[in-house]
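> make a model of this:
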Amino acid sequence: MYLDTVVIAGLAVVAATCLFFGGFVYAIRRDIKMHQDKEK
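Next up, the predicted model:
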């Protein structure tokens, strides 16, 4: 059914967006931690 396809595609887009931003935040936090260790 058309509505099911749209709902599944929408959920897939939301999940991919959350994973993308989660990875972005993870990379930033890891970079901050690496730079803090260099200062000490």
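
> how distant is stretch 18-35 from the center of its chain?
9 Å (Cα atoms, centre = their mean, to the nearest Å).

> one more: stretch 8-22?
With Cα atoms, centre = their mean as the basis, stretch 8-22 stands 8 Å off its chain's centre.

> would you mark the buried spots in it?
For stretch 8-22, burial by neighbour count (16 or more other Cβ atoms under 10 Å) applies to no residue. Using the backbone N, CA and C atoms, a C-beta is placed for each residue, glycine as well.

> how much space between R30 and T5?
Distance check for R30 against T5: by Cβ to Cβ, to the nearest Å, it reads 37 Å.

> ok, V25 next?
Distance of V25 to T5, given as Cβ to Cβ: 31 Å.

> what do you get for M34?
43 Å.

> repeat for A16
Distance from A16 to T5, by Cβ to Cβ: 16 Å.

> over to F20?
Distance of F20 to T5, computed by Cβ to Cβ: 22 Å.

> so what secondary structure elements neighbour the helix or strand that contains D4?
Remark: D4 resides in helix 2-39, with elements defined by DSSP states H and E. Judged by 3 or more Cβ pairs under 8 Å, 6 or more residues apart in numbering; DSSP states H and E, helix 2-39 is in contact with no other helix or strand.

> perfect, that will be all.
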